[in-house]
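Trainee: here is the input, now give the coordinates:
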Amino acid sequence: MRSTMSGDERRTALIVGASRAIGLAMAAEFLKRGWDVIATVRGTQRTPLHDLTDTAGDRLTIETLDMTVPQQIAALRDRLAERSLDLLFVNGAITKGDLPVNEVPTDMFVEVMVTNALSPIRVIEALKDLVPESGTIGVMSSSQGSISLNTNGGQELYRASKSALNQLMRSFAARHSNDTRTLLLINPGWVQTELGGPRALLTIDQSVPGVVDTITAHQGEPGLHFLDYRNQVVPW
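Mentor: Sure, this is the predicted structure:
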């Protein structure tokens, strides 16, 4: 069920990695549903996200963040110190092609793992205190991070990075077992983006409203949930 909110009910979402594709569409979807949105881009150049300010006005705040740089994460935390985030959601990942893992150069392995697994957790650790007890913390995962669903192989490094992300979120949940916040790993489906490729089964418009529906449906449910854009459980 999609809904908008009146002014006194407005909530705030921080979308990390929103300059294009799924992150951009998520920012637009939350704005359409009446949320205030803080969204990050990596550089200083204008992006499609900036075009949303034409209609969103002061409900959209654009921040600069390269989440692979710890100093930038700390600086963002300082800038947002007075904000309360009903949703902290970390989007964004990279892939470096479909190589067997034994052919992956070490520097490529490190880059993908740092970007896709370590950096999202660093962001969550740095900003979690801005999320109230009733709030939600989520990251964009993938069905390719599911070990039990890996029956075809391929995309070994990307799969491993998403599995690592899932494991790190599982550890985060274990370390905060008394936390009442909702923790989410979200699989958006196979989407037609630069990462997903043109053969993907879903358009962004088919995936993202479901992603947002799933996120909002689980508000107030403590613990970690691995779900897809249809609100279906994804096996570990």
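Trainee: show me which helix or strand of this structure is least confident by mean pLDDT.
Mentor: Using mean pLDDT, DSSP states H and E, helix 53-56 stands out as the lowest-scoring helix or strand of the chain, at a mean of 89.
Trainee: do a quick rundown of the helices in the protein.
Mentor: Secondary structure of the chain by DSSP state H: the helices cover 21-32, 48-51, 53-56, 70-79, 106-113, 119-127, 156-175, 204-217.
Trainee: okay, those helices in CSV with distance to Val234 and mean neighbour count next?
Mentor: C-beta here means a position set from N, CA and C on the backbone, and glycine is covered the same way. Putting those into CSV (distance: least, Cβ to Cβ, whole Å; neighbours: other Cβ atoms under 10 Å) gives the following:
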stretch, distance to Val234, mean neighbour count
helix 21-32, 16, 24
helix 48-51, 28, 16
helix 53-56, 31, 13
helix 70-79, 27, 15
helix 106-113, 21, 14
helix 119-127, 17, 21
helix 156-175, 9, 19
helix 204-217, 11, 20
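Trainee: can you put those helices in a markdown table and add distance to Asn187?
Mentor: Listed next are those as a markdown table, based on distance: least, Cβ to Cβ, whole Å:
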| stretch | distance to Asn187 |
| --- | --- |
| helix 21-32 | 11 |
| helix 48-51 | 23 |
| helix 53-56 | 27 |
| helix 70-79 | 25 |
| helix 106-113 | 18 |
| helix 119-127 | 15 |
| helix 156-175 | 9 |
| helix 204-217 | 9 |
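Trainee: lowest-confidence stretch among the ones you listed?
Mentor: Among the helices of the chain, helix 53-56 carries the lowest mean pLDDT, a mean of 89.
Trainee: and the contacts of that helix?
Mentor: Leu31, Val37, Leu60, Ile62 (Cβ atoms under 8 Å, 6 or more residues apart in numbering).
Trainee: still on that earlier bit, just give me how far the least confident helix or strand of the chain sits from the chain centre.
Mentor: The chain centre lies 22 Å from the centre of helix 53-56; the measure is Cα atoms, centre = their mean, to the nearest Å.
Trainee: same check, this time on stretch 152-165
Mentor: Relative to its chain's centre, stretch 152-165 lies at 17 Å (Cα atoms, centre = their mean).
Trainee: what residues are up against the residue lying closest to Pro100 once chain neighbours are set aside?
Mentor: Spatially, and ignoring its direct neighbours in sequence, Pro100 is nearest to Glu156 (6.3 Å; Cβ to Cβ, 6 or more residues apart in numbering). The contact partners of Glu156, by Cβ under 8 Å, 6+ apart, come to Asp98, Leu99, Pro100, Val101, Val104.
Trainee: out of those, which comes closest to Arg46?
Mentor: The closest of the contacts of Glu156 to Arg46 turns out to be Asp98 (Cβ to Cβ; 32.3 Å).
Trainee: for the closest one, give me its contacts.
Mentor: For Asp98, the contacting residues are Gly154, Gln155, Glu156, by Cβ under 8 Å, 6+ apart.
Trainee: what's the answer for Val104, then?
Mentor: Lys96, Glu156, Leu157.
Trainee: go with 7 Å
Mentor: Val104 makes contact with Leu157 under the criterion Cβ atoms under 7 Å, 6 or more residues apart in numbering.
Trainee: what is the burial count for the residue nearest to Glu63 when sequence neighbours are not counted?
Mentor: Ranked by Cβ to Cβ, 6+ apart and with sequence neighbours excluded, the top spatial neighbour of Glu63 is Thr40, at 4.8 Å. The criterion is other Cβ atoms under 10 Å. On that basis, Thr40 has 26 neighbouring residues.
Trainee: against Leu184, how distant is Thr40?
Mentor: For Thr40, the distance to Leu184 equals 18 Å [Cβ to Cβ, to the nearest Å].
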